[in-house]
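J.: output the structure for:
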Amino acid sequence: MPNRIAILHYAGPPIVGGVESTIAHHAHELANLGYSVRVISGFGETFDERVEIHIDPIFGSRDPQVLAAKSELDGGVVSNAFHGLVELQEAALKRALENCDVCIVHNVHTLNKNLALTAALHRLHQLHVIAWCHDLAWTNSQYLPELHDGYPWNLLRQAWANTRYVTVSESRRIDLAQLINITPDDISVIPPGIDPATFFQWTATTCMMEEKLQLLNADILLLVPARLTRRKNVELALRVLYELRKQNGKDYRLIISGPPGPHNPTNPGYLGDLLELRNALGLQSAAHFLYELSEPPLVPDDATMANLFQLCDALFFPSLQEGFGIPILEAGLAGLPIFCSNLPPFHETGQEDVVFFDPIAHTAEEIALMIRTYFTGNPRQRMKARVRQNYRWDALVRTRIVPLLEGS
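T.: Reported below is the predicted structural model:
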C-alpha cells in the first residue's frame, strides 16, 4: 500500500474548475481512507487541513517563464531558455515529490499548458505515475495550431514508461488509445463524481443518518413521514418492504421518520410491536426508524425532512385514517412517486396522479407488486439510483482509485 500520494496539476483547489474540483474530492476522500496526500501545483491554497499543499509557480500555466516559453513553443521554437526551464522544473519536481510513492498527474501528459513541466516529469523515469487525462491537445482543433512535430510536443502523443493511464469517459479512452497507440484495455475509465450532501445542502442530521445507515447504497428508498401511532399502519409498510425485498432481491429500504405520537400512552408499546415485527421479518438493516438513531431520540427538523424528500425514491403512506395528509403535498412538490391508502383526503389532493391501494383489502404482496411494477424499467429512478451508488466521490475513490493505487 502506498503511504504518500502526490497529486500534480497546473492549479489546485480552491481554484474553481472541473479538474481542481476533482483533485479536492480525491484528496479529501483519500485522506478519509488514511492516505497521506500532497497536492502539488502552480497556485492554490489549503482546502483540507489533512492535505499537504506544495505550491511552486513554475508548475502553473501563468508564470512569466512558462508563458515566455509557451510563446516560443507555439511558434515552433525550442530555445535554450526552454531547456533551462526544464532543468529548473525537474529539480523543483524532485523536491516536491520527495517521499511520495505514486503521483496522480492531471493533464500534464496530454496538454501543452506547460510543456517544460511535461518534459521535466518525463525525465523522472523511476516515478510511478497515474496519468489522468481529461483533455487531449493533439485531438483538439483549438490546440493544433500550437503543436509541432518533434520534441517536446510529441511527448503529448506517446505512451510513457511506468505510467498508468486514466480517462474520464469511454469516448476519451478510445481517443487516447488511438493517440498514444496502446489498447483501450490498458486505460482505466474513472469519471468525475458528485457529492449529494453538498449538492442538496444536507443538514448535519442528514449527514449523520447517511453515515450510520448507508442510505446512498440502497436501490430504492421508501419514505414514511409519520409519527408512530397505530392509525399510521406502519406494520403494513414493514410487511410490504419484506415482500419487495423477497420478490426481486433488490435493496429496498424503508425510512420511518417520526417518533411515537405524544398523545396516546399506548404508542411506545406500538413502537415495541413494530421493532419485534421488524426483527421477525429480518429487516433490521432495511427498515430504519430514525427515532432510535440517537439519544435523546432523533426528531428530524424541517430542513432534514426536506433532505429526505430529495433523497428518497417514493412516498409510502399506508394510513388507516387521515384528516388531510400534508406529506402527499410535500411529495408532490418534491416530485416523488406516491403510493398511499385510498382515503378520501388523499383522493382530493392526489387525484389520478398517485397510486392508491386499500390498506385493508390488499395484501402486502399485492401492494409490493404495485410498487415493483411502477419502478420496473423506470428511467428516472434507475438513473437516480445509478448516480447515488456509482458516481459519488467516496464510492469512486474507494472502488476505482484505491485499486489503481494499490497496483502501482
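J.: mind checking how far stretch 91-99 is from the chain centre?
T.: Centroid separation for stretch 91-99 versus its chain: 31 Å, with CA atoms, centre = their mean, to the nearest Å.
J.: brain fart, stretch 203-213
T.: With CA atoms, centre = their mean as the basis, stretch 203-213 stands 16 Å off its chain's centre.
J.: ranking helices and strands of the protein by mean pLDDT, which lands last?
T.: When each helix and strand of the chain is scored by mean pLDDT, DSSP states H and E, helix 267-280 comes last, with a mean of 86.
J.: how about that one: buried residues?
T.: 267, 270-271, 274, 277-278 (16 or more other CB atoms under 10 Å). From N, CA and C alone the C-beta is placed, and that goes for glycine too.
J.: so what does the helix or strand following it touch, helix or strand wise?
T.: Downstream of helix 267-280, the first helix or strand assigned by DSSP states H and E is strand 287-289. Where contact means 3 or more CB pairs under 8 Å, 6 or more residues apart in numbering; DSSP states H and E, strand 287-289 is packed against helix 234-248, strand 252-256, helix 267-280.
J.: between the buried residues of helix 267-280, which is closest to Ala361?
T.: In terms of CB to CB, no member of the buried residues of helix 267-280 lies closer to Ala361 than Leu277, at 20.6 Å.
J.: relative to Cys133, how far out is the closest one?
T.: From Leu277 across to Cys133, the span is 53 Å (CB to CB, to the nearest Å).
J.: residues in contact with stretch 93-107: which ones?
T.: Residues outside stretch 93-107 that contact it (CB atoms under 8 Å, 6 or more residues apart in numbering): 2-10, 19, 22-23, 26, 38, 40, 54, 56, 59, 113, 117, 120-121, 124, 127-135, 405, 408.
J.: narrow those to those in strands?
T.: 4-8, 38, 40, 54, 129-133 (DSSP state E).
J.: would you turn those residues into CSV with pLDDT, neighbour count and distance to Ser188?
T.: As requested, the ones in strands among the contacts of stretch 93-107 are exported to CSV (pLDDT from 0 to 100; neighbours: other CB atoms under 10 Å; distance: CB to CB, whole Å):
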residue, pLDDT, neighbour count, distance to Ser188
Arg4, 92, 16, 21
Ile5, 96, 24, 16
Ala6, 97, 25, 18
Ile7, 98, 26, 16
Leu8, 98, 27, 18
Arg38, 97, 20, 22
Ile40, 98, 24, 22
His54, 97, 19, 26
Val129, 96, 23, 13
Ile130, 97, 23, 9
Ala131, 98, 23, 10
Trp132, 98, 27, 10
Cys133, 98, 24, 10
